[in-house]
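In: pasting the sequence and the predicted model now:
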Amino acid sequence: MRDLGIVIVNWNTCEFLRRCLDTVLSSKGIERYSVLVVDNASDDGSADMVRRLFPQVEIIANGANIGYPRANNVGLRRLGFQAAGDVADSAPRYALLLNPDTELPRDALHDMVQFMDSRPDIGVAGPKLLLGDGSLDKACRRGFPTPLVSFYHYSGLARLFPRNRRFGRYNMTFADENEALEVDSVVGAYMQVRKSAIKRVGLLDEAFFMYGEDIDWAYRVKEAGYKVWYHPSVTVHHFKRAASRKNPKAQFEFWRAMLIFYRKHFRRKTIFPVHLLILIALLFKGGPGLWQEIRNPRTTP
């Protein structure tokens, strides 16, 4: 059985993808792993580059950009993860969602597997992610965007009091970036998930298109009784938004993801006046296009 199955979803990030695969395939200390690239109809030659330079990497070339969670699910199914309760014996012990705009140190895969092996209670883990300028990618350790946590963040209270455990929960700014920490979610740029957790909760929710699906997955894993941990002893470089900044829908999809997550996990717990305020705030941020989603939400295929 493989220790690790890596799924990389790519859309028009050919050069980033090449560098990412170079670092992944230079990993040391881990031998039983496989790499799968799911290409979302890139027009920059990404799929051909993978076939030419990395014959040991499996490539699935989609005919259209089907979105991030759906494409990841294509890869996860190829690894043997089908649905909740339906996981092949041959599926790897861990699945890793990895963005093509990441670069890994040689021991990252080994150390992350060892970390999760040492803690069977952990269902999801992620490393410390550094942006191109060397600063912390704050999304690599997050609190769930509950209505109250989101209010603290978007009202500016989190910026005013970043070290406060209540106000700084959105990005866990109250904790040192080098402190190992139980969190609500890590980011899908490097998200390692235990096989048994996937068997319990199933795959990514395809109602999301991009953004939010990683937080939703972590939420479901925690609901199933597992823990989520940030493991800063491993550092990965993340050249963030290499693909999303090319997509004119990215900003809209971010706020649409916030709406989906809120409606899925918190609507039933929210009194009606607060619910109305949340919808108004989301419309203000996401624009009039979000009104159609509020009236007629798209559902998981």
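Out: Yes, it's here. All values derive from a computational prediction rather than experimental measurement. Residues are numbered from 1 along each chain as shown.
In: quick check, central residue of this structure?
Out: residue 188 (1.6 Å; C-alpha atoms, centre = their mean).
In: any stretches of the chain with poor pLDDT?
Out: Residue ranges of the chain with pLDDT under 70: 241-248, 297-301.
In: show me the helices in it, by range?
Out: Applying DSSP state H to the chain gives helices spanning 14-25, 46-53, 68-79, 108-117, 147-154, 157-160, 195-201, 213-223, 250-265, 272-286, 289-295.
In: redo these as CSV? Include mean neighbour count and distance to residue 92.
Out: Placement of C-beta: from N, CA and C, glycine included. Listed next are the helices of the chain as CSV, based on neighbours: other C-beta atoms under 10 Å; distance: least, C-beta to C-beta, whole Å:
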stretch, mean neighbour count, distance to residue 92
helix 14-25, 19, 14
helix 46-53, 17, 20
helix 68-79, 23, 6
helix 108-117, 20, 10
helix 147-154, 18, 33
helix 157-160, 15, 37
helix 195-201, 21, 7
helix 213-223, 22, 17
helix 250-265, 20, 27
helix 272-286, 15, 37
helix 289-295, 13, 35
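In: so for residue 34, which of the ones you listed sits nearest?
Out: Across the helices of the chain, residue 34 has its closest neighbour in helix 68-79 (7.5 Å, C-beta to C-beta).
In: circling back: export the helices of the chain to CSV and tack on distance to residue 129?
Out: Shown next, in CSV, are the helices of the chain (distance: least, C-beta to C-beta, whole Å):
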stretch, distance to residue 129
helix 14-25, 13
helix 46-53, 22
helix 68-79, 17
helix 108-117, 11
helix 147-154, 19
helix 157-160, 19
helix 195-201, 21
helix 213-223, 13
helix 250-265, 18
helix 272-286, 25
helix 289-295, 29
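In: okay, domains of the protein per the record?
Out: Segmentation of the chain into domains, based on automatic domain parsing, reads 4-145+173-243, 250-295.
In: got the ones you listed as CSV, with distance to residue 166 columns?
Out: As requested, the domains of the chain are exported to CSV (distance: least, C-beta to C-beta, whole Å):
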stretch, distance to residue 166
domain 4-145+173-243, 9
domain 250-295, 18
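In: wait, the residue nearest to the centre of the chain touches residue 97, no?
Out: Yes - with contacts counted by C-beta atoms under 8 Å, residue 188 reaches residue 97, the gap being 5.0 Å.
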